[in-house]
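>>> sequence first, predicted model second:
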Amino acid sequence: HINISIINWFWILGVLSLALFIQLTIAGIGIRDGTLIGLLVWMGNTKEEALALSFSILGFKIILAIYGGIIDLIRKWLFIE
């Protein structure tokens, strides 16, 4: 239910990427949440929707990290390097 144009998503993700360069927390938890909540509420969405999106992004990154870890372990077990 987050209604934002694709052009706005581009600059929001750019600002989010810049904010995540500040490495104060593990995996950007807190910084990503605060940035997305602030920007998406400013664009007219609710805090709950913004927080749900932030958790979805974190979950997606965790899934990709697990997938990459499994691929790396398989490569090491098969001695492919």
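Great, that's in hand.

>>> helices along this protein, start to end?
All helices of the chain, identified by DSSP state H, fall at 6-20, 31-42, 47-77.

>>> low-confidence ranges, this protein, go.
Flagging of the chain using pLDDT under 70 yields the residue ranges 80-81.

>>> quick revisit: pick the most buried one from the helices of the chain.
For these, the largest average neighbour count (mean count of other CB atoms under 10 Å) is found in helix 31-42, namely a mean of 18. Placement of C-beta: from N, CA and C, glycine included.

>>> other SSEs contacting that helix?
Counting contacts by 3 or more CB pairs under 8 Å, 6 or more residues apart in numbering; DSSP states H and E, helix 31-42 is packed against helix 6-20, helix 47-77.

>>> now those helices as CSV including distance to residue 36?
Output for the helices and strands packed on helix 31-42, formatted as CSV (distance: least, CB to CB, whole Å):
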stretch, distance to residue 36
helix 6-20, 6
helix 47-77, 5
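
>>> quick one: which of the ones you listed is nearest residue 35?
Within the helices and strands packed on helix 31-42, the stretch nearest residue 35 is helix 6-20; the backing value is 4.4 Å (CB to CB).
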